[in-house]
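Novice: Curious how this folds, go ahead:
(one chain, ligands or ions: 1)
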Amino acid sequence: MTFSASILPVFEQLGLLEEACKLSLPFKGLQIYSMDMKLMGDFDFRKYKEKTGYDTILFARPEMHHLLLSKIPPNKILIKKKILSQLQNEHGVMIRCADNTTYHGDILVGADGAYSAVRQCLYKQAEKAGVLPKCDTESLNVGHVCMVGVTDPLDPEKYPALKDDVSHFERIIGAGTTHSWATSTVPGNRVCWLLTDQLDSSTASKEAMFKNSEWGPEANASMIRAYYDYQAPIGGTMGEIIDATPAELISKVFLEEKLFETWHYGRTVLIGDACHKFLPSGGQGAVNAMQDAVILANCLYDISDPTPENILTAFKSYRSQRYDQTKYQMDKCRKIAKMIWGQTIGDKIFRHVAFHCIPKAIQTRMIFKDTSYRPQVMFLPRIPNRGTVDVLPQIPYIQPLVPHPLKVSKVTFTSFDDRAFAIKMCYMCFSYGNYTESQEDKQTLESASHGDTSLTTAPSVEPVDNAQVARVSMAREIYRFNPKPVLIKVKRMQYSSMAKELELTP
Ligand SMILES: Cc1cc2nc3c(=O)[nH]c(=O)nc-3n(C[C@H](O)[C@H](O)[C@H](O)COP(=O)(O)OP(=O)(O)OC[C@H]3O[C@@H](n4cnc5c(N)ncnc54)[C@H](O)[C@@H]3O)c2cc1C
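Specialist: Residues are numbered from 1 along each chain as shown. Purely as a prediction, here's the structure:
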């Protein structure tokens, strides 16, 4: 599994980056081969650290779980709790678990995966209320079955790639079959492996039907048999690699995809695979699940009173900040899946065009485009941009109800760029909420946008060395200290187009 620069600054904020890197190897590229080991295409990540400030890290999933779990006080987690139902009203939310225990809270965050029980309960309520779009009643698209495992330590003399201090991630696409398979090296001389079987529509529904009943050891054995004699990308056969894997570290999973439209209803909100399930081809599912958590935490952090209105504003802000990004990632992962394991004629043509007709420079630009989006936790010290690619500014959370009108004070911006940025952020903030603007504020904003050198705004801005971060904080402060209700009819801009516009700002 890999984590990219899109989430590693948050690991840094949490003080986890060093430990996460220790259990990983840097990922410098993916090579894709035909069965006769001819290179069909590759992704080159060698410049990734220089550009983004971080290596993409590749690790075995159990170790990352263990690291994250070890940082949470044990009394904060209840295990072996299976949620069966959820009830909510204007006062709170309650869940009932399979052991008949119940728990109450102000909000419920459903992070329970692609077949989320929380989502299913929520959607029943939304459907009853007539607010569930039809597309959310449709099931996930199942296109692949996949098996993954992590070996015990192997002999580096037999597999020389294990001696390198970077991960070797290689995939073979089968010919005359729907199979593809991959290996990648992780610390401790171990190898992560992955078998993928692309399903056609009839096998997809058959597999889905037997999802729960058939997937015992026998079903695993039949899938393993089918790949057993294939050459492993790392050397030897896949059978040898699989035989060196403890049974408890082998899992078989569906690779589904779907972007749900409804992410929250009442006091319940969904994050991660529960509301957007990507194909794992782009290494984005967990990264985006964590980005959801970061943005949701930012939105919730400012709530002083958990009223239904405040919760709704926070949930709406969370979804609006995340939806476009997850849609983009879903499309991107689908395209990468075609490139790295697709078996249909269309997939093969797409792969050929992508690897042979599109200049390498464009491919590389696409890789780095992603890393501009890297939201951080707003209430922890900010991590400056450690690379050379631009980082998109974060939208500040808009406090829904300001308890006391605050006196506006004055600040002089250090450069035109800062001022212009702040003004635009102001407009953007205002356009997100239902505020009515005072005449005084309107004049201030208008005069500022016409070249005045000062803007009435926040008294202090957190001194950080990254200019972009400082500008975002400033805009956030402007809003906080300029809380009079504002109604400016500004067209709501998309986050990405907003950022593009900002880049053009002198
Ligand atoms: C082969 C493969 C490779 C991948 N590689 C990458 C990668 O390199 N990078 C990346 O970012 N992502 C990757 N992903 C995607 C990533 O694993 C998922 O997107 C991520 O795990 C989603 O996290 P989640 O917390 O939303 O859901 P899950 O990880 O599915 O977690 C849901 C949790 O909820 C629990 N749960 C379910 N139902 C209930 C219930 N009723 N009551 C209580 N608990 C419940 C489950 O037991 C589970 O612990 C990969 C996925 C696959 C299949």
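Novice: Correct me if wrong, but Gly239 is in a helix.
Specialist: Yes: with DSSP: H, G, I helix; E, B strand; the rest coil as the criterion, Gly239 is part of a helix.
Novice: Quick check, it in contact with Ala226.
Specialist: No: the criterion here is C-beta atoms under 8 Å, and Gly239 misses it with Ala226 at 10.9 Å. (Glycine included, C-beta is placed from N, CA and C.)
Novice: which bits of this protein sit near the ligand?
Specialist: Applying C-beta under 6 Å from any ligand atom, we find that the chain lies next to the ligand at 1-2, 81-83, 111-113, 117, 146, 148, 194, 253, 272-274, 280, 283-287, 289.
Novice: Can you check which helix is longest in the chain?
Specialist: Assignment by DSSP state H gives helix 308-341 as the longest helix of the chain.
Novice: Any idea how many residues pack against Ile241?
Specialist: 25 (other C-beta atoms under 10 Å).
Novice: per-residue pLDDT, it?
Specialist: Looking at Ile241, its pLDDT is 98.
Novice: Same question for Ser317.
Specialist: Reported pLDDT for Ser317: 87.
Novice: same question, Ala361
Specialist: Confidence score, pLDDT, at Ala361: 84.
Novice: 709 is where my numbering starts, stick with that
Specialist: Okay, using 709 as the starting number, the last item reads as Ala1069.
Novice: Can you say which helix or strand has it in it?
Specialist: helix 1068-1078 (DSSP states H and E).
Novice: Kindly report the same for Ile1057.
Specialist: helix 1053-1060.
Novice: residues near the closest residue in space to Phe968 that isn't next to it in sequence, how many?
Specialist: Take Phe968 and drop its neighbours on the chain: the residue closest to it by C-beta to C-beta, 6 or more residues apart in numbering is Cys983, 4.8 Å away. Neighbour count for Cys983, taken as other C-beta under 10 Å: 28.
Novice: how about the residue minimising distance to the centre of the chain, secondary structure?
Specialist: Per C-alpha atoms, centre = their mean, the C-alpha nearest to the average position across the chain is that of Asn996, at 0.8 Å. Secondary structure assignment for Asn996 (three-state DSSP): helix.
Novice: got a list of what it touches?
Specialist: Gly980, His984, Phe986, Arg1030, Gln1033, Thr1034, Gln1037 (C-beta atoms under 8 Å, 6 or more residues apart in numbering).
Novice: Show me which positions of stretch 773-783 end up buried.
Specialist: Leu775 (16 or more other C-beta atoms under 10 Å).
Novice: if we look at that stretch, which residues are touching it?
Specialist: Here stretch 773-783 has contacts from Leu722, Leu724, Glu727, Ala728, Leu731, Ile785, using C-beta under 8 Å, 6+ apart.
Novice: Where strands are concerned, which of the residues you listed count?
Specialist: Residues of the contacts of stretch 773-783 located in strands (DSSP state E): none.
Novice: from those, which is closest to Gly896?
Specialist: Nearest to Gly896, judged by C-beta to C-beta, of these is Leu731 at 8.9 Å.
Novice: What is the burial count for the closest one?
Specialist: That count, for Leu731 with other C-beta under 10 Å as the rule, works out to 17.
Novice: Now do the residue lying closest to it once chain neighbours are set aside: how many residues are near it, please.
Specialist: Leaving aside its sequence neighbours, Leu731 sits nearest to Glu771 (C-beta to C-beta, 6+ apart; 4.5 Å). Look at Glu771: counted by other C-beta under 10 Å, it has 20 neighbours.
Novice: and Glu771, which of the three is it?
Specialist: What three-state DSSP gives for Glu771 is helix.
Novice: Give me the pLDDT value at it.
Specialist: So Glu771 comes in at 95 (pLDDT).
Novice: Would you confirm that it contacts Lys730?
Specialist: No: if you go by C-beta under 8 Å, Glu771 and Lys730 don't touch, sitting 9.5 Å apart.
Novice: right, and Met802 touches Thr809 too?
Specialist: No: judged on C-beta under 8 Å, Met802 makes no contact with Thr809 at a distance of 10.9 Å.
Novice: where in the stretch 859-1008 of the chain is pLDDT low?
Specialist: Low-confidence segments of the stretch 859-1008 of the chain (pLDDT under 70): 909-927.
Novice: what's the answer for the stretch 1059-1208 of the chain, then?
Specialist: If you take pLDDT under 70 as the line, the stretch 1059-1208 of the chain has these spans: 1103-1208.
Novice: Tell me the spacing between the residue of it found nearest the ligand and Thr1096.
Specialist: Nearest to the ligand, among the residues of the stretch 1059-1208 of the chain, is Asp1078, at 11.8 Å (C-beta to the nearest ligand atom). As for Asp1078, its distance to Thr1096 is 15 Å (criterion: C-beta to C-beta, to the nearest Å).
Novice: And the two? Which one has more around it.
Specialist: Taking other C-beta under 10 Å, Asp1078 and Thr1096 do not tie; Asp1078 has more neighbours (20 against 11).
Novice: ok, now which ones touch the spatially closest residue to the more buried one that is not a sequence neighbour?
Specialist: Once flanking residues are discounted, Asp1078 sits nearest to Ser714: 6.1 Å by C-beta to C-beta, 6+ apart. The contact partners of Ser714, taken as C-beta under 8 Å, 6+ apart, are Val995, Gln999, Asp1078, Thr1079, Tyr1081, Arg1082.
Novice: do that again at 10 Å, thanks
Specialist: Counting by C-beta atoms under 10 Å, 6 or more residues apart in numbering, Ser714 makes contact with 760, 762, 764, 991-992, 995-996, 998-999, 1033, 1037, 1078-1083.
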